[in-house]
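**Q** pasting the sequence and the predicted coordinates here, then a few questions.
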Amino acid sequence: MCLLCDDEKAYKAYMDFLDAVERKGKVADPNAAMDAVLDHLEALDAERARENVKARQDDPANDKTLSPFFCSPINK
């Protein structure tokens, strides 16, 4: 549990996961719940990283295919 106490988002996700499992009438295994929450948070981080890379690639200022003699549009 110490891993989650330092991170408010992870702790909230953990508690939400436990609540969801208990609402289904099941008993949640804390270790399995922590693994599931951490996997979910890692997947979200990876998705955000992919989106950031894609956004940087789409930015005309980062276009490396342009000739140095080509005038790029000026961002105002």
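**A** Everything's here; your move. Just so it is clear, the structure is predicted and the values come from calculations on it, not from any experiment.
**Q** tell me, how many neighbours does residue 37 end up with?
**A** 22 (other C-beta atoms under 10 Å). (Glycine included, C-beta is placed from N, CA and C.)
**Q** secondary structure element holding residue 54?
**A** helix 30-58 (DSSP states H and E).
**Q** that helix: which residues count as buried?
**A** Residues 33-34, 36-38, 41 are the ones in helix 30-58 that count as buried (16 or more other C-beta atoms under 10 Å).
**Q** make CSV from those residues and add pLDDT and distance to residue 22 to it.
**A** CSV is the format used below for these (pLDDT from 0 to 100; distance: C-beta to C-beta, whole Å):
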residue, pLDDT, distance to residue 22
33, 79, 10
34, 79, 15
36, 82, 14
37, 81, 15
38, 81, 19
41, 82, 20
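**Q** show the pLDDT at residue 21.
**A** Listed pLDDT for residue 21 reads 85.
**Q** what strand or helix carries it?
**A** helix 8-23.
**Q** in that helix, what counts as buried?
**A** So, applying 16+ other C-beta under 10 Å, buried residues of helix 8-23: 10, 13-14, 17-18, 21.
**Q** nearest to residue 26 among the buried residues of helix 30-58?
**A** Nearest to residue 26 among the buried residues of helix 30-58: residue 33, at 10.8 Å, using C-beta to C-beta.
**Q** report the contact partners of that closest one.
**A** Counting by C-beta atoms under 8 Å, 6 or more residues apart in numbering, residue 33 makes contact with 14, 17-18, 21.
**Q** how about those, which pair is most distant?
**A** Most distant of these, by C-beta to C-beta, are 14 and 21, 10.9 Å apart.
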